[in-house]
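**Q** Quick one: sequence and predicted model below, then my questions.
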Amino acid sequence: MNLSRKLLILVPYSWLVVLFLIPFGIVLKISLSDIALSIPPYTPKLEIFSSSAEWLQYFMALDLENFIFLSEDRLYYVAYLSSLKIASISTLITLLIGYPIAYGMAKSPEHWRPTLIMMVILPFWTSFLIRIYAWMGLLSNEGLLNQFLIWTGIIDGPLIILNTNWAVYIGIVYAYLPFMILPIYASLEKMDVSLVEAAEDLGCSATSAFWLITAPLSKPGIIAGCFLVFIPALGEFVIPSLLGGSDTMMIGKVLWEEFFSNRDWPVASSVAIILLLLLIIPIILFQRNEHKQREVER
Amino acid sequence: MQTTFPKLGLALAVVVTAHASVAEEVRVYNWSDYIDEALLNKFEQQTGIKLIYDVFDSNEVLETKMLAGGSGYDVVVPSGTFLQRQIIAGAFQKLDYGQLSNKNNLWDVIEKRTAQYDPSNAYSINYMWGTTGLGVNTGTVSDLLGDNVAIDSLALVFEPSNMEKLAECGVYFLDAPSEMIPAALKYLGEDPDSQDPDVIALTEPLFAAIRPYISKFHSSEYINALANGDICVAFGWSGDILQARDRAAEAENDVEIAYNAPSEGALMWFDQMAIPVDAPNPTGAHKFLNFILDAQNMADASNYVYYANGNLASQSMLVEDVIGDPAIYPDPETLKNLYTTTPYGAKVQRVVTRLWTKIKSGT
């Protein structure tokens, strides 16, 4: 391997170290500390340029107390599980809505496609926060949706949607739909149409051609889309706090409470570490599985 | 000749930076709906200092910023117990009373009480003080409950049979455990300032019984909600509820709001102006504090937000609506009935917040 290639590889690795590993190390360090009334609000603290004895003393003071605290309280299990549930269901719904849209876009005449992509991206021109606020106006008891439904006579009283989990699902699906559509569209657009034609020539019905050819070939797009929706949805804070009720338990909200209401940085950091493990372990398992499959195919 | 241009550029740059440093700034972080905004302009015009004014609605959020350090603010306004904790944490710098020429306007009665949190008031001056109590839409509540239920009793909101009926028109509670748990303890006949986790836990069944009837826990939205008639009862801060009363009167929407400090006893709190230890412009911060200490300015602020202040000299300039209202300046009888609290320790704080999460979310 020559020097220029090594240097090239250094770029993504230094990105990883500076923007992931170092911050992770800091959060891990805080999660092993104790809460204290000081600036910053935890102890022990460490200066980078300390003697080895000070380093030793520092490491002796760290412990797993916060993780034990988390394991003893039902709240955190409930919040993690409910976040997993909300993120999984939202991902499934975005997939069910996003796939047909991406399919339609990929099958549309070529000169339409840039316009269609533009329309998917267009909502991003407005701030995320404002778009979620707009949903508060739409979904509230006196909101447009209820006014419309009452006007048409479908319902007599307003449907209570705002401040429930329904509103959270609507918000997440709405906000993350483009992240599902774009990767699926990318993989469908690349696909060789003659493969489907060949399948149909050989007597395959349109439906089974879809399931045998199109769906498997768009799998990378589906997986990328699911990751792009699931991961941010799991830690989502803005949507549940604006649209959800006080009984909407999501780990992002718990993290906020630990940090801002309890001012307990060590516990907040422990919650964040566990959230990260929850995300990283399935991703690693998944990649290992993919790797094995590729070797089998070879 | 060729060297002249770079030199000219350098000279220009020096002039520009010198000018930028002249444009002095003071950054103030205060509670929402807590000042007459005309005063902010007045400060800028009088001193030529650019004022950057941000707001918050929870002591907890302020404390998070203070303990993280480097907030960039020059003046912040924590309440008594929070101030005390943050002084211990080393978050504030001692005031230089030499720079506060208006310091003699301060009211010794209030200073004596705030010294409980900030010994000899070394770090802070009182901005405003008030009580936490019950805001009631009198018309709606008497329609729903009849006239036999006292609207100045904690039983109005802690008795499930009352709350069941009130749920129809909407009840908001402050999202502030350090205020609501003492109130619940007072209703139970316990010491509201208890630091004992077992005593604090007694409030859980009390809240659990009324939780289904509380529409929302929020610390600022109730002003508008009360004024618009969207809710009929709010457990909130005195001046906020009086602002709601005023807004409703201005809107002439047939909504009549009354504020009462609970007859069982009400929490008395003090919002104190202090200067963070790492304030970028402590001199400017002192100028702002001195501006606030001016009797006329303080009177204007109180006349606008309906909170009592710690400024004795301002009292002659207060409108009758403020100085004459026992809900704002309590009579000696009510004053006896007011209690104060002390800050929770770190472990008790965790118990309190955990309990509050449980109360709010049911988990």
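**A** Cool, got the structure.

**Q** and for stretch A:34-53, what are the contacting residues?
**A** With contacts defined as CB atoms under 8 Å, 6 or more residues apart in numbering or on different chains, stretch A:34-53 is touched by A:29-30, A:33, A:54-55, A:57-58, A:61-63, A:65, A:263-267, B:66-69, B:85, B:88-91, B:277, B:346, B:350. For glycine as for every other residue, the C-beta is placed from the backbone atoms N, C-alpha and C.

**Q** Residue B:149 looks like it's in a helix, true?
**A** No: residue assignment for residue B:149, taken from DSSP: H, G, I helix; E, B strand; the rest coil, gives coil, which places it outside any helix.

**Q** okay, now it: neighbour count?
**A** In terms of burial, residue B:149 registers 17 neighbours under the definition other CB atoms under 10 Å in any protein chain shown.

**Q** give me every residue that touches it.
**A** Under the criterion of CB under 8 Å, 6+ apart, the contact partners of residue B:149 comprise B:141, B:155-156, B:162.

**Q** mind running it again at 10 Å?
**A** Applying CB atoms under 10 Å, 6 or more residues apart in numbering or on different chains to residue B:149 gives the contacts B:141-142, B:155-156, B:159, B:161-162, B:165-166.

**Q** Just the buried subset of those residues, please.
**A** Under a neighbour-count criterion of 16 or more other CB atoms under 10 Å in any protein chain shown, the subset of the contacts of residue B:149 counted as buried comprises B:141, B:155-156, B:159, B:162, B:166.

**Q** with those residues in mind, which one is nearest to chain A?
**A** Closest approach between these and chain A, by CB to the nearest CB: residue B:166, at 17.7 Å.

**Q** Test my guess that that closest one contacts residue B:155.
**A** No: with contact defined as CB atoms under 10 Å, residue B:166 and residue B:155 do not form a contacting pair (11.8 Å).

**Q** Work out for me the element the residue of the stretch 51-200 of chain A found nearest chain B sits within.
**A** Closest contact between the stretch 51-200 of chain A and chain B, by CB to the nearest CB, is at residue A:78 (5.0 Å). Under the criterion of DSSP states H and E, residue A:78 resides in helix A:74-107.

**Q** If you count neighbours, what's buried in that helix?
**A** By neighbour count, with 16+ other CB under 10 Å as the criterion, the buried positions of helix A:74-107 are A:75-76, A:78-80, A:82-84, A:86-87, A:90-91, A:93-95, A:98-99, A:101-103, A:105-106.

**Q** which parts of the stretch 51-200 of chain A sit against chain B?
**A** By the rule CB under 10 Å from any CB of the partner chain, the part of the stretch 51-200 of chain A lying against chain B is A:69, A:73-79, A:82, A:141-142, A:163.

**Q** same thing but at 8 Å, please
**A** Within the stretch 51-200 of chain A, the positions lying close to chain B (CB under 8 Å from any CB of the partner chain) are A:73-75, A:78-79.

**Q** could you pull out the strands for the chain?
**A** By default, I'm working from chain A. For chain A, the strands defined by DSSP state E cover A:34-35, A:42-43.

**Q** not quite, I wanted chain B
**A** Listed in chain order, the strands of chain B (DSSP E) span residues B:25-31, B:50-56, B:75-76, B:124-137, B:171-173, B:216-217, B:233-237, B:257-260, B:266-274, B:308-309, B:338-339.

**Q** ok, the third one near chain A or not?
**A** No: contact between strand B:75-76 and chain A is absent, the nearest approach being 13.6 Å (criterion: CB under 8 Å from any CB).
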